[in-house]
Structure formats: structure tokens, C-alpha cells
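J.: One predicted model, sequence on top.
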Amino acid sequence: MEVPDGTTILQAARMIGGDIVPPAMCYYSTLQGSGSKCRTCLVKVTKGSEKDPRPMPKLVTSCQTMVMDGMEVANITSEEVQKARAGVVEFLLLNHPLDCPICDQAGECHLQDLAFEHGAAGTRYEFERRTFEKIDIGPYIKLHMTRCILCYRCVYVANQLTDNRVHGILNRGDHSEISTMIEKAIDNDFSGNVIDVCPVGALTDRTFRFKSRVWFLDPMDAHRECPTCSGKAVVWMYGNEVFRVTARKDKYGEVHDFICNTCRFEKKAPGDWVVEGPRSIDRHSVIAQGHYGQKALTVR
């Protein structure tokens, strides 16, 4: 296929679509500077270009490597790539707790998908896992650092959406953690978007925690007149009750229109929203298995 100059291998793969698209836990197309941290998108370049057809000596991160004329890339057909990806998943799960039965991210967690596709049945890790106390970083957000994989997405979204970021990476090495200095609250109009960009259950919505499983809810496209953001969101409903509100994500789990905290946390009445219809969910998602689009919905 042909792509514009400056296109990465991952972006080109997404243009093609299908099973060949490498997974990505840290890359986020709408966040500048993201990528090349989780290493899950590693691929093998079997031909560098028409001018230099030699293969690249090592696996490369597809989210940062630019395509060249004549380049050939092996992803799902490369045993070396599959083995390396399994190793990356093993590292991501070293300290990650087995919280899936109680985690609000279950059912829409990218790490769950990776563990299912590439994870091993057991672990070789023999040391004590690191743990952190759960903290509230503001009235709406719960931080459970034990689940964090340090993808940096929440830091980037806070940097680029607001001018008053108060959280980031503290310490170094295996002591690194996402936190606010002296547990200071995150307080700005777009702080809730750190929940949407988190690929695991490290940052969760305190107004939704433990209320329901996502596969029991019906995600509906909805909009409202909002002076702060676009007002385009997804309302997760059970009957005529709105359980939570999120931004709209594409099939790769990325948000392109971030929403404000008023829409996300304070507008939970059905009358606050104009419901457009069922949200199109990726076919392999557990959320889509309920076939919720066939149900009748009445909103007044």
C-alpha cells in the first residue's frame, strides 16, 4: 500500500486493518509524544527498503519506526515477534494484581486482551510484587497504582489538555509511580479524561466504581449542548438509567473528542442527553456479545 511520508509502521498497519495490526498499550494517536514505552507493538522488518533490502537486525517498535519505500514487515507471521510479545506481556504482568473479578476495567481492558492472546499460564517471577495504597486524586478519580503499567498516557493527556498538570512520574526504576505530590487533588475541567486514556484499571471513575459490569450496560451515542466541550459522548445505560458517561472511542480504544467533567460526572439523568442510538462496538468485544442493539429503548 502507499502511505504519506512520515507514516509509522503501526499507522500503516491500521490503515490496512484486520489481524495484522500490532497491539499498542502506550501509543495514542491523539497524544503527542506517546509511544515506544510498552514495547508490545514490536515487529520484524524483513526488508528495510528498495535501496537497502537488508533486514533490520533487531525488532523495532512499530509506533515509532517510519515506513520506507519497499519496506516489508512481519508481525503475526514472525515467530520471533510472537515470542518477544509474550515476553513483554510477562513483564507487564510481573506486578499486576489478579484483580479482574473486581476491577471496573474488566471487559474493556487492553491488558486482558494481551494476556489472553500472548500470556503464559504461569509466572516465573519469584519476588514479592510491589503494592501501593489506593488514593483519591480528586472527588471523581481513584488511583490504584498497583495496576499501573507506566504507559504515561495520563501524563500526556493532562499536559496537552490543561495548563495546570499536578501529577506525573515520581521516583525512578522499579520505584517509579504515577502520583500527585503529597496526594494533591487533580482539579480541572478535563481531568476525567485520564480515566479514558488509561488502558488498565489504574485510574477509575469513583462515581461508577462497583456499580455494574460494562457488559450488562447498553452504550449509546448521545450529545448535549455544552459550552466547554463538544458534548458528544457515550452514555452507558441500564434501562432508562445512566450509569456512567465516557468519551467516544474508536476501534483502537482512542478518544478523538475529549469531554469535560460536567458531561462526564454531573450529567447522569436521561433527560440531560439526546440519545442518538446504540454505539458501534468492535465485534470481538465482550460488550458486543449482548446484542444490545436489538433491544427497544425509550428515553424521556
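T.: The structure has been received and is ready for your questions. Treat the numbers as computed from the prediction; the structure is a model and nothing was measured. Numbering: from 1, shown residues only.
J.: how far away is the closest residue in space to residue 261 that isn't next to it in sequence from residue 116?
T.: Ranked by Cβ to Cβ, 6 or more residues apart in numbering and with sequence neighbours excluded, the top spatial neighbour of residue 261 is residue 192, at 4.9 Å. Where you see a C-beta, it was placed from the backbone N, CA and C, and this is true even at glycine. Separation of residue 192 from residue 116 (Cβ to Cβ, to the nearest Å): 28 Å.
J.: Just want to know which of these two has more residues nearby.
T.: For the pair residue 192 and residue 116, the greater number of neighbours falls to residue 192 (26 against 9), based on other Cβ atoms under 10 Å.
J.: Which per-residue confidence value corresponds to the more buried one?
T.: Looking at residue 192, its pLDDT reads 92.
J.: State whether it and residue 205 are indeed in contact, as I suppose.
T.: Yes. Residue 192 is in contact with residue 205 according to Cβ atoms under 8 Å; the separation is 7.3 Å.
J.: what sits in contact with each of these two?
T.: Shared contacts of residue 192 and residue 205 (Cβ atoms under 8 Å, 6 or more residues apart in numbering): 140-141, 264-265.
J.: What count of nearby residues applies to the closest residue to residue 151 other than its chain neighbours?
T.: Excluding its sequence neighbours, the residue lying closest to residue 151 (Cβ to Cβ, 6+ apart) is residue 26, at 3.9 Å. By other Cβ under 10 Å, 22 other residues sit near residue 26.
J.: Please report how far residue 26 lies from residue 17.
T.: Residue 26 is 21 Å from residue 17, by Cβ to Cβ.
J.: rewinding a little: go ahead and confirm the residue nearest to residue 151 touches residue 37.
T.: Yes. At 4.2 Å, residue 26 counts as touching residue 37 under the criterion of Cβ under 8 Å.
J.: shared neighbours of the two, which are they?
T.: Common neighbours of residue 26 and residue 37 (Cβ under 8 Å, 6+ apart) are 151-152.
J.: Select the longest helix from the chain.
T.: Secondary structure assigned by DSSP state H gives helix 79-92 as the longest helix of the chain.
J.: and the next helix or strand after that helix with helix 79-92, angle?
T.: Elements were assigned by DSSP states H and E; along the chain past helix 79-92, the next helix or strand is helix 110-118. Interaxial angle of helix 110-118 relative to helix 79-92 (axes from the mean of the first three to the mean of the last three Cα atoms, to 10 degrees): 140 degrees.
J.: Tell me where the stretch 51-200 of the chain has helices.
T.: With DSSP state H, counting those that start in this stretch as the definition, the stretch 51-200 of the chain shows helices at residue ranges 79-92, 110-118, 153-161, 193-197.
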